[in-house]
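# Provide a 3D model corresponding to the input given below.
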Amino acid sequence: MTCNLFSIFIHPSSILSVSVICVNNPKTSDESKWSNNEFWLPPYNWIEEVRKNFDLPKRVYVHDATLREGDQHPGIAMRKDDKVALATALDDLGVNSIEIAPMISNADKEAARAIAKLGLNAKLICFTSWNTPDIDAAVECEADGVILDFPGNPWQGKVFWGITPEQQVEKASEAIRYAKSRGLFVIALPWDDYRAPFDYLEKDYKAIVKAGADHVTLTETYGFSLPWTTTYMVRKIREWIPGIPIEKHGHNDYGLGTGDMLAAVSAGAEVVQTTMCGIGERAGNAATEEVAVAIELLLGVKTGIDLKKIYRTAQLFQDITGYTVAPTKPIIGKNIFNITSGWVAWMKARAREAGKPTGMVPFMPDVIGAPPQDYIIGKGSGRGLIRMRLDQLGLKVSDPQLDAVTERVKEQSMLRRRALSDNELVWITSEIQQQKT
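Numbering: from 1, shown residues only. Next up, the predicted model:
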């Protein structure tokens, strides 16, 4: 039994009390799975009660759809050279396959051909419809395979094409057979299958595998399913088509993109389809960086992604596209490693002194190759944090001057409705130092 969890609470008498709770740590074969010099995660992620229903694959493969979903993201328009540069970076990151849609434009066809000639380790997969000219274009681009998109809900077949459910299944099967006849690896992508009748789904998945699909995709087109629903559906599909690898595609409209992917992997899905920085149609897709880090750190399954290259790859994507992620973006948002609260800064300093810097962070910046943690001076900053920043800037102040600087920082931060720059802090400090005491 160890005593390493602390409970801090306010007693009714308003006296701050701290209690130490002694707990039995979970029995794991390797404590470094959840605690090392890069992160300190919940040990409960590894206990039998949590994992008893998991059916994790030995390895998860990342299929990155940035080059295709980027074309469906409002405000982003990538050129041929952009896509070639990003494909090279994604390959270096360690993705297993890269998706592109040559049917979008001539520039995309040229980009696909150029990427195919790079000799990357990642497979080049062309996004196509069930129309044979699109499949032929993938062959012309020398792609390794296709991700064949077709409706997975008979409602679409009836409303958009005027065909019956049986005709819809057969049309998809014909396209798969044709793609296989052209020597392509085929990933079947029936979209909106979460709203399809269950008996139709079973017939559809069985038919497309019989037609020759190498992998099948469970597609969460609108991001509105519960993670437990995804777990259930992956298990059912594996029952229907045993031995066929399942890929998972999902969007983030309800903020569940990463959770959706973890749920699928926990049920045995072997491939996750993601995008850098979570770009994509509407609210975007599950993000490559989020999913890879979560699978490796929280589930403990390797993805082939070099996590230490995540930050620089995300920065390259943003530089190329002009797209900027929110500061609160999980994994790569700058606020993850920025602190403005004096209280939090004090606790972080104490954690470092105790030899456990991971005690006050979700993970260390080194995990993803991000710059060291920074301290942001603003309304919430206290004397200790401001003193620390001033020391870093080579500025010395007396205790009374520090009090004055701290008060002025709070005033200026509220006035400007933002944090203050180093230059502004220097200016405030200089003014205070010049005042007569």
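
# domain assignment for this structure?
Annotated domains of the chain cover 2-51, 61-321, 334-434 [automatic domain parsing].

# can you give me the strands for the protein?
Taking DSSP state E as the test, the strands found in the chain are 2-10, 16-23, 61-64, 97-100, 123-128, 145-151, 185-191, 215-220, 246-250, 271-274, 338-339, 374-375.

# The stretch 101-250 of the chain: helices as residue ranges?
Secondary structure of the stretch 101-250 of the chain (DSSP state H, counting those that start in this stretch): helices at 106-116, 132-140, 154-156, 165-181, 198-210, 227-240.

# Turn these into JSON lines, columns for mean neighbour count and mean pLDDT.
(C-beta placed from N, C-alpha, C; glycine too.) Output for those, formatted as JSON lines (neighbours: other C-beta atoms under 10 Å; pLDDT from 0 to 100):
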{"stretch": "helix 106-116", "mean neighbour count": "20", "mean pLDDT": "96"}
{"stretch": "helix 132-140", "mean neighbour count": "18", "mean pLDDT": "96"}
{"stretch": "helix 154-156", "mean neighbour count": "18", "mean pLDDT": "95"}
{"stretch": "helix 165-181", "mean neighbour count": "19", "mean pLDDT": "98"}
{"stretch": "helix 198-210", "mean neighbour count": "18", "mean pLDDT": "97"}
{"stretch": "helix 227-240", "mean neighbour count": "17", "mean pLDDT": "98"}
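
# Throw the ones you listed into TSV and include distance to Val397, thanks.
As requested, these are exported to TSV (distance: least, C-beta to C-beta, whole Å):
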stretch	distance to Val397
helix 106-116	56
helix 132-140	66
helix 154-156	67
helix 165-181	70
helix 198-210	68
helix 227-240	51
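
# With Asp55 as the reference, name the closest of these.
helix 227-240 (7.8 Å; C-beta to C-beta).

# Now tell me what touches that closest one from outside.
For helix 227-240, the external contacting residues (C-beta atoms under 8 Å, 6 or more residues apart in numbering) are 55, 194, 201-202, 205-206, 216, 218, 220, 225, 246, 248, 250, 256, 259-260, 262-264, 266-269.

# and the residues you listed, which are buried?
With burial judged by 16 or more other C-beta atoms under 10 Å, the buried subset of those is 194, 201-202, 205, 216, 218, 220, 225, 246, 248, 250, 256, 259-260, 262-264, 266-269.

# ok so, going back, now for the helices of the stretch 101-250 of the chain, which one comes closest to Thr313?
Nearest to Thr313, of the helices of the stretch 101-250 of the chain and by C-beta to C-beta, is helix 106-116 at 16.0 Å.

# Report the inter-axis angle for that closest one versus helix 132-140.
For helix 106-116 against helix 132-140, the angle by axes from the mean of the first three to the mean of the last three C-alpha atoms, to 10 degrees is 40 degrees.

# tilt between helix 106-116 and strand 123-128?
160 degrees.

# Who are the packing partners of helix 106-116?
Judged by 3 or more C-beta pairs under 8 Å, 6 or more residues apart in numbering; DSSP states H and E, the packing partners of helix 106-116 are helix 80-93, strand 97-100, strand 123-128, helix 132-140.

# Find the nearest non-adjacent residue to Ile386, please.
Using C-beta to C-beta, 6 or more residues apart in numbering and skipping the chain neighbours, the partner closest in space to Ile386 is Thr406 (5.3 Å).

# Is that neighbour in contact with Gly380, as I believe?
No. At 11.2 Å, Thr406 does not count as touching Gly380 under the criterion of C-beta atoms under 8 Å.

# Between those two, which is the more surrounded one?
Thr406 (22 against 18; other C-beta atoms under 10 Å).

# can you pull the contacts of the more buried one?
Thr406 touches Ser381, Gly382, Arg383, Ile386, counting by C-beta under 8 Å, 6+ apart.

# ditto for Ile115
The contact partners of Ile115, by C-beta under 8 Å, 6+ apart, come to Lys83, Val84, Ala87, Ile98, Ile100, Leu124.

# picking that back up, show me the one of the helices of the stretch 101-250 of the chain that comes nearest Phe39.
helix 227-240 (22.4 Å).

# any idea which of the domains of the chain is most buried?
Ranked by mean neighbour count, these are led by domain 61-321 with a mean of 20 (mean count of other C-beta atoms under 10 Å).

# Pro190 and Thr219 touch, don't they?
Yes. When contacts are counted by C-beta under 8 Å, Pro190 is listed as touching Thr219 (6.2 Å).

# Quick check: neighbours shared by the two?
Here Pro190 and Thr219 have Gly152 as joint contacts, going by C-beta under 8 Å, 6+ apart.

# before we move on, the earlier item: which one of the strands of the chain lies nearest to Met78?
Using C-beta to C-beta, the strands of the chain put strand 97-100 closest to Met78, at 10.0 Å.

# Look up how far Asp81 lies from the closest residue in space to Arg79 that isn't next to it in sequence.
Sequence neighbours aside, Ala107 is the residue nearest to Arg79 in space, at 6.3 Å (criterion: C-beta to C-beta, 6+ apart). Ala107 is 10 Å from Asp81, where distance means C-beta to C-beta, to the nearest Å.

# show me the residues around Ile279 that make contact.
Contacts of Ile279 (C-beta under 8 Å, 6+ apart): Thr66, Glu69, Gly70, His73, Ile76, Asn285, Thr321, Tyr323.

# What is the nearest of these to Met276?
Sorting the contacts of Ile279 by distance to Met276 puts Thr66 at the head of the list, at 4.6 Å, by C-beta to C-beta.

# any idea how far the closest one is from Asn96?
Thr66 is 14 Å from Asn96, by C-beta to C-beta.

# As a markdown table, the helices and strands packed on helix 106-116 with distance to Leu390 would be great.
As requested, the helices and strands packed on helix 106-116 are exported to a markdown table (distance: least, C-beta to C-beta, whole Å):
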| stretch | distance to Leu390 |
| --- | --- |
| helix 80-93 | 39 |
| strand 97-100 | 48 |
| strand 123-128 | 53 |
| helix 132-140 | 60 |
